[in-house]
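[1] Requesting a structural model of the entry that follows:
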Amino acid sequence: MPARMPKPVASYFAAVNERNVRTFVGALAEDAVVEDEHRAYRGPEEIRRWLEDAIKRYDFTVEPTHVAKGGGTTTVTAIVTGGFPGSPVTLRHEFTLVGRKIVRLEIA
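    Sure thing, here's the model as predicted:
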(Lines give C-alpha, C1' and ligand atoms only; values in the text may rest on other atoms or scores of the structure.)
Protein backbone atom coordinates (compact mmCIF):
# COMPACT_ATOMS: atom_id res chain seq x y z
CA MET A 1 0.00 0.00 0.00
CA PRO A 2 1.33 3.48 -0.79
CA ALA A 3 1.69 6.37 1.66
CA ARG A 4 -0.85 6.72 4.44
CA MET A 5 -4.39 7.53 3.46
CA PRO A 6 -6.94 9.14 5.74
CA LYS A 7 -8.94 6.42 7.50
CA PRO A 8 -12.22 7.22 5.67
CA VAL A 9 -10.41 6.89 2.32
CA ALA A 10 -8.79 3.59 3.30
CA SER A 11 -12.28 2.34 4.22
CA TYR A 12 -13.31 2.36 0.54
CA PHE A 13 -10.42 0.14 -0.54
CA ALA A 14 -10.93 -2.19 2.42
CA ALA A 15 -14.66 -2.43 1.68
CA VAL A 16 -14.05 -3.50 -1.90
CA ASN A 17 -11.22 -5.92 -1.27
CA GLU A 18 -12.76 -7.47 1.86
CA ARG A 19 -16.34 -7.35 0.49
CA ASN A 20 -17.38 -5.39 3.58
CA VAL A 21 -19.50 -2.57 2.20
CA ARG A 22 -20.66 -1.57 5.70
CA THR A 23 -17.13 -0.31 6.42
CA PHE A 24 -17.35 2.20 3.57
CA VAL A 25 -20.93 3.27 4.24
CA GLY A 26 -19.94 4.10 7.82
CA ALA A 27 -17.36 6.56 6.49
CA LEU A 28 -19.91 8.52 4.40
CA ALA A 29 -21.54 11.82 5.27
CA GLU A 30 -25.35 11.83 5.06
CA ASP A 31 -25.16 14.00 1.91
CA ALA A 32 -22.29 12.07 0.29
CA VAL A 33 -22.09 11.74 -3.50
CA VAL A 34 -20.21 9.14 -5.55
CA GLU A 35 -19.64 9.66 -9.26
CA ASP A 36 -18.74 6.56 -11.25
CA GLU A 37 -19.23 5.69 -14.92
CA HIS A 38 -20.83 9.10 -15.59
CA ARG A 39 -23.55 8.60 -12.97
CA ALA A 40 -24.03 10.14 -9.52
CA TYR A 41 -25.16 8.19 -6.45
CA ARG A 42 -26.43 10.20 -3.48
CA GLY A 43 -26.63 9.35 0.19
CA PRO A 44 -25.35 6.31 2.08
CA GLU A 45 -28.20 3.97 1.07
CA GLU A 46 -27.94 4.63 -2.68
CA ILE A 47 -24.13 4.47 -2.49
CA ARG A 48 -24.33 1.15 -0.60
CA ARG A 49 -26.52 -0.32 -3.36
CA TRP A 50 -24.14 1.01 -6.05
CA LEU A 51 -21.08 -0.58 -4.42
CA GLU A 52 -22.77 -3.91 -3.70
CA ASP A 53 -23.97 -4.09 -7.30
CA ALA A 54 -20.55 -3.15 -8.72
CA ILE A 55 -18.80 -5.80 -6.60
CA LYS A 56 -21.34 -8.43 -7.66
CA ARG A 57 -21.30 -7.45 -11.33
CA TYR A 58 -17.56 -6.99 -11.82
CA ASP A 59 -16.04 -9.03 -8.96
CA PHE A 60 -13.25 -6.47 -8.79
CA THR A 61 -10.37 -5.63 -6.51
CA VAL A 62 -8.40 -2.40 -6.17
CA GLU A 63 -4.70 -1.99 -5.50
CA PRO A 64 -3.75 1.57 -4.54
CA THR A 65 -0.45 2.60 -6.09
CA HIS A 66 -0.17 6.32 -5.29
CA VAL A 67 -1.70 8.80 -2.83
CA ALA A 68 -1.63 12.59 -3.21
CA LYS A 69 -3.20 15.12 -0.87
CA GLY A 70 -3.90 18.74 -1.65
CA GLY A 71 -6.55 21.32 -2.36
CA GLY A 72 -8.96 19.69 0.05
CA THR A 73 -8.88 16.31 -1.67
CA THR A 74 -7.09 12.99 -1.42
CA THR A 75 -6.43 11.42 -4.80
CA VAL A 76 -5.59 7.73 -4.96
CA THR A 77 -4.43 6.07 -8.15
CA ALA A 78 -5.26 2.37 -8.14
CA ILE A 79 -5.11 -0.66 -10.38
CA VAL A 80 -8.60 -2.13 -10.70
CA THR A 81 -8.83 -5.78 -11.73
CA GLY A 82 -12.06 -7.64 -12.33
CA GLY A 83 -14.56 -9.16 -14.71
CA PHE A 84 -14.93 -6.26 -17.11
CA PRO A 85 -13.51 -5.48 -20.58
CA GLY A 86 -9.99 -4.03 -20.50
CA SER A 87 -9.15 -5.34 -17.04
CA PRO A 88 -6.91 -4.39 -15.38
CA VAL A 89 -7.24 -0.60 -15.61
CA THR A 90 -5.71 2.26 -13.67
CA LEU A 91 -8.30 4.62 -12.20
CA ARG A 92 -8.15 7.85 -10.22
CA HIS A 93 -10.24 7.98 -7.04
CA GLU A 94 -10.67 11.54 -5.80
CA PHE A 95 -12.07 11.86 -2.26
CA THR A 96 -13.30 15.02 -0.56
CA LEU A 97 -13.58 14.85 3.22
CA VAL A 98 -15.30 17.08 5.73
CA GLY A 99 -14.00 16.22 9.15
CA ARG A 100 -13.72 12.44 9.24
CA LYS A 101 -16.48 11.76 6.69
CA ILE A 102 -16.41 11.34 2.90
CA VAL A 103 -18.65 13.87 1.19
CA ARG A 104 -17.57 13.11 -2.38
CA LEU A 105 -15.84 10.35 -4.32
CA GLU A 106 -15.21 10.68 -8.03
CA ILE A 107 -13.88 7.66 -9.90
CA ALA A 108 -12.40 8.24 -13.34
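[2] what bits of this structure have low per-residue confidence?
    Of all residues in the chain, those with pLDDT under 70 make up the ranges 1-3.
[3] Tell me where this protein has strands.
    For the chain, the strands defined by DSSP state E occupy 28-36, 39-42, 61-70, 73-81, 89-98, 101-107.
[4] Note down every partner strand of the fourth one and its orientation.
    The one in question is strand 73-81. Sheet partners assigned to strand 73-81 using DSSP bridges are listed as strand 61-70 (antiparallel), strand 89-98 (antiparallel).
[5] For residue 42, find the nearest of the ones you listed.
    strand 89-98 (14.2 Å; C-beta to C-beta). (Glycine included, C-beta is placed from N, CA and C.)
[6] okay, the angle between that closest one and strand 28-36?
    Relative orientation of strand 89-98 and strand 28-36, computed by axes from the mean of the first three to the mean of the last three C-alpha atoms, to 10 degrees: 150 degrees.
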